[in-house]
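Engineer: no sequence on this one, just coordinates:
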């Protein structure tokens, strides 16, 4: 079945199409969520919420606005960021064990591992180092533009402009 046909069936509330979409996209979507939350149980919860949103909002997806996979990843990223801003999440992270911090430093959680997990390594490799940093902070670590500005000691306007330029460069590379 062609992806376009699968999406159309999802938009018509076909459960088998939804199941197939879940099979195709859930692993990579979980990877994006987990890279932001660093908590497997929470990431699984958010993953379920994301696919409920995909089911509920499928009719709103438009091919003209971008690729379906990108649409799902944006829902996932936003849901994960929303979770990190929740009071429950913040309270749960106040007393972290040393294992949590060791996990952050391990190679398996590196930026290159995350981008390879969702299949964009070859596209990211051609970007300038500043773009790699911005994408890491804004999309994989879930930072806001203001937080990224502070973390990189870069003016907020510069972060916004460079982010826009980096995304445009990625679009050119992907020919979207």
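Structural biologist: Arrived safely, thanks for sending. Because the structure is predicted, anything quoted here is derived from the model rather than measured. Residues are numbered from 1 along each chain as shown.

Engineer: What residues of the longest helix anywhere in the chain count as buried?
Structural biologist: Using DSSP state H to define each element, the chain has its longest helix at helix 15-37. By neighbour count on 16 or more other Cβ atoms under 10 Å, the buried set for helix 15-37 is 17-18, 20-22, 25-26, 28-37. In short, each C-beta sits where N, CA and C put it, glycine included.

Engineer: now stretch 76-85
Structural biologist: Going by 16+ other Cβ under 10 Å, stretch 76-85 has these buried residues: 76, 77, 79, 80, 81, 83, 84.

Engineer: Narrow these to those in helices?
Structural biologist: Taking DSSP H as the definition of helices, these contribute 76, 77, 79, 80, 81, 83, 84.

Engineer: Including distance to residue 48, could these go into JSON lines?
Structural biologist: Below are these laid out as JSON lines (distance: Cβ to Cβ, whole Å):
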{"residue": "76", "distance to residue 48": "11"}
{"residue": "77", "distance to residue 48": "16"}
{"residue": "79", "distance to residue 48": "10"}
{"residue": "80", "distance to residue 48": "13"}
{"residue": "81", "distance to residue 48": "17"}
{"residue": "83", "distance to residue 48": "12"}
{"residue": "84", "distance to residue 48": "17"}
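
Engineer: Would you convert those into TSV that also reports pLDDT and distance to residue 42?
Structural biologist: Converted to TSV, those look like this (pLDDT from 0 to 100; distance: Cβ to Cβ, whole Å):
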residue	pLDDT	distance to residue 42
76	94	13
77	91	14
79	94	11
80	92	9
81	88	13
83	90	6
84	85	9
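
Engineer: Thanks a lot, see you next time.
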